[in-house]
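Trainee: kindly return the folded structure for what I paste below:
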Amino acid sequence: VFISIYTDMGGGEYGLYHLLEHLDRRAVDPILVVNGDGPLPERVRALGIRVITIPFEVVTLRAFFGGKGLRRNYAAALELRRLMAREGVEAVSCTDVLSLLLLLPSLFSIPLRVIYHVIFFYEPSRKALFNLLALLFVDRIVVLSEAMRRDLASVTIGLAAKIDVSYWGVDVGRFRSLTSEERRTARSAAGLPTDAMLVGLVGRYEVWKGHMTFLDAMSRLCAERSDVRALIVGGAMTSAVIPEVAQYHARVRERIDAFTPAGALIVLGHRDDVATIMASLDVVVCPSDREPYGLVVLEALACDVPVVVSSSVGALEVVEGKKGVFVCAPKDMESLYGAIKSAISCSIGADDLTKVAKTDMNWPSWSDYARLVQRKISE
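Mentor: Numbers count the residues shown, from 1 in each chain. A predicted model of the protein is given here:
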């Protein structure tokens, strides 16, 4: 059983989708458990994988232990246990502490192997609760970067030996370079200017994503260069559940409304054509304060687009020192501004990028990620 607490397609949900897509179905019979309909279950059903809906409620840990969330989710936890017993489930894969809490009735009564994926840096209270639950019930922990492994091992007790690192892969068929004509067509279809230098931040609104630093740097750059436009692409899918994300999104929106020069900033919401939009940009920026991985960095390079990335982004473990990668300091507008200016002047030739990808880049693959998870499931 693979549990997802969200049904929209964010980064974590794309990771789960690609994991399910690349599993060896001769060895694993996967079931996806969600709490309702949405793009993720629709795509997973298209893979021929069973999807079962259990109406649990996604709440913060504070709300869960506040009583109301616990009462509402208790029935769902019992239904989940009945599913485990009925289907003869042997292993569970999940990515959130809430999933472990929902699994407690099952874990106390059914022998289950638990593979847990840590896909973002936890705050202290979540780390403490996860530490306790992982010591008791989790067999293996998969993280997205060495930075995450070091962080988790340093702030938890007894978990270091359970941690495996596996980089998420790049779908190089979907994320690819475009010809000049394809770029113009892609921009026109998305309502983007075809004659401007486009510098974009692609990612959902999360408190660590660095939107404010990006907006400050781009406001300065756009004031200096009339041919440059700033672009923000992404939704705020967790804002309805996490108050801190909702507050962050509101602050960013206020800054967007005050952006100058007028007309130099374009803001798009969640997009399903993000691969095409990304490939139509001149520079992709990942200015996160602290990013567990940052798959967008690899995806941009696969699209033959230079990328600016803060030094606290996990994906640098894969791409640092490669052509088209410009590193800046996190939370530092001056550093980001300088790196974007350098990236704008960079032009990666398609032939050079192909050479890097085939001989030097060694792109992480979703198949490798799936094989690791499958091995940990069956150990």
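Trainee: quick one, helices of the stretch 201-350 of the chain?
Mentor: Using DSSP state H, counting those that start in this stretch, the helices of the stretch 201-350 of the chain run over 211-224, 243-257, 274-279, 295-302, 316-319, 333-344, 350-355.
Trainee: looking at these, which is buried most?
Mentor: helix 295-302 (a mean of 26; mean count of other CB atoms under 10 Å). For every residue, glycine as well, the C-beta is placed using N, CA and C.
Trainee: so what's the gap between that one and the chain middle?
Mentor: How far helix 295-302 lies from its chain's middle: 12 Å, per CA atoms, centre = their mean, to the nearest Å.
Trainee: name the residues that touch that helix?
Mentor: 11, 14-15, 168, 170, 172, 175-176, 202-203, 275, 278, 281, 284, 286, 306-307, 309, 313, 315-316, 318-319, 322, 324-325, 353, 357, 361, 363-364 (CB atoms under 8 Å, 6 or more residues apart in numbering).
Trainee: just the CA trace of it, in PDB.
Mentor: Below are the C-alpha coordinates for helix 295-302, written out as PDB (Å, rounded to 0.1, in the frame of the first residue of the first chain):
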ATOM      1  CA  LEU A 295      14.100  18.600  -8.900                       C
ATOM      2  CA  VAL A 296      13.400  21.700 -10.900                       C
ATOM      3  CA  VAL A 297      17.100  22.300 -11.100                       C
ATOM      4  CA  LEU A 298      17.800  19.100 -13.000                       C
ATOM      5  CA  GLU A 299      14.600  19.500 -15.100                       C
ATOM      6  CA  ALA A 300      15.800  23.000 -16.200                       C
ATOM      7  CA  LEU A 301      19.200  21.600 -17.300                       C
ATOM      8  CA  ALA A 302      17.500  18.800 -19.200                       C
END
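Trainee: for Ala190, find the nearest of the helices of the stretch 201-350 of the chain.
Mentor: Closest approach to Ala190 among the helices of the stretch 201-350 of the chain is made by helix 274-279 (5.5 Å; CB to CB).
Trainee: so which of the helices of the stretch 201-350 of the chain gets nearest Ile163?
Mentor: helix 316-319 (15.0 Å).
Trainee: check which helices and strands that closest one sits against.
Mentor: Counting contacts by 3 or more CB pairs under 8 Å, 6 or more residues apart in numbering; DSSP states H and E, helix 316-319 packs against helix 295-302, strand 307-310, strand 325-328.
Trainee: do you know which of those lies nearest Arg184?
Mentor: With CB to CB as the measure, helix 295-302 is the member of the helices and strands packed on helix 316-319 nearest Arg184 (19.0 Å).
Trainee: tell me the buried residues in stretch 230-246?
Mentor: Applying a neighbour-count criterion of 16 or more other CB atoms under 10 Å, one finds 230-239, 241-242, 245 buried in stretch 230-246.
Trainee: could you pull out the strands in the stretch 151-300 of the chain for me?
Mentor: 163-165, 197-202, 228-233, 265-268, 283-286 (DSSP state E, counting those that start in this stretch).
Trainee: any idea how many residues pack against the nearest residue to Val309 once chain neighbours are set aside?
Mentor: Spatial nearest neighbour of Val309, excluding adjacent residues (CB to CB, 6 or more residues apart in numbering): Cys286 at 4.6 Å. A count of nearby residues for Cys286, using other CB atoms under 10 Å, gives 24.
Trainee: okay, now the unreliable bits of the stretch 51-200 of the chain?
Mentor: Applying pLDDT under 70 to the stretch 51-200 of the chain flags the ranges 67-68.
Trainee: nope, the stretch 201-350 of the chain is what I was after
Mentor: For the stretch 201-350 of the chain, the stretches flagged by pLDDT under 70 are 347-350.
Trainee: could you point out the longest helix of the chain?
Mentor: In the chain, taking DSSP state H as the definition, the longest helix is helix 68-87.
Trainee: can you list contacts of the next helix or strand after that helix?
Mentor: With elements assigned by DSSP states H and E, the helix or strand that comes after helix 68-87 is strand 91-94. By CB under 8 Å, 6+ apart, the residues outside strand 91-94 that reach it are 1-3, 19, 84, 100, 103, 106, 112-117, 373, 377-378.
Trainee: so which of the residues you listed belong to helices?
Mentor: Leu19, Met84, Leu100, Leu103, Ser106, Val373, Ile377, Ser378.
Trainee: in ChimeraX, how would I select the buried members of the residues you listed?
Mentor: Buried members of the ones in helices among the contacts of strand 91-94, defined by 16+ other CB under 10 Å, are picked up in ChimeraX with:
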select :19,84,100,103,106,373,377
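Trainee: looking at the ones in helices among the contacts of strand 91-94, which is nearest Ser125?
Mentor: Using CB to CB, the ones in helices among the contacts of strand 91-94 come closest to Ser125 at Leu100, 14.5 Å.
Trainee: now the closest one: closest residue in space, sequence neighbours ignored.
Mentor: Using CB to CB, 6+ apart, the closest residue to Leu100 is Leu133 (4.7 Å).
Trainee: give me the buried positions along the one helix or strand that neighbour maps to.
Mentor: For Leu133, the host element (DSSP H and E) is helix 124-137. Using 16+ other CB under 10 Å as the test for burial, helix 124-137 gives Lys127, Leu129, Phe130, Asn131, Leu133, Ala134, Phe137.
Trainee: and the next helix or strand past that helix?
Mentor: Assigned by DSSP H and E, the successor of helix 124-137 is strand 140-143.
Trainee: off-centre distance for the helix holding Leu133?
Mentor: On CA atoms, centre = their mean, the centre of helix 124-137 falls 22 Å from that of its chain.
Trainee: residues touching it, excluding its own?
Mentor: Contacts of helix 124-137 (CB under 8 Å, 6+ apart): 61, 97, 100-101, 103, 107, 114, 116, 118, 122, 141, 152, 155-159, 162.
Trainee: select only the buried ones of the residues you listed in ChimeraX?
Mentor: Those of the contacts of helix 124-137 that count as buried under 16+ other CB under 10 Å are selected in ChimeraX with:
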select :61,97,100,101,103,107,114,116,118,122,141,152,156,159,162
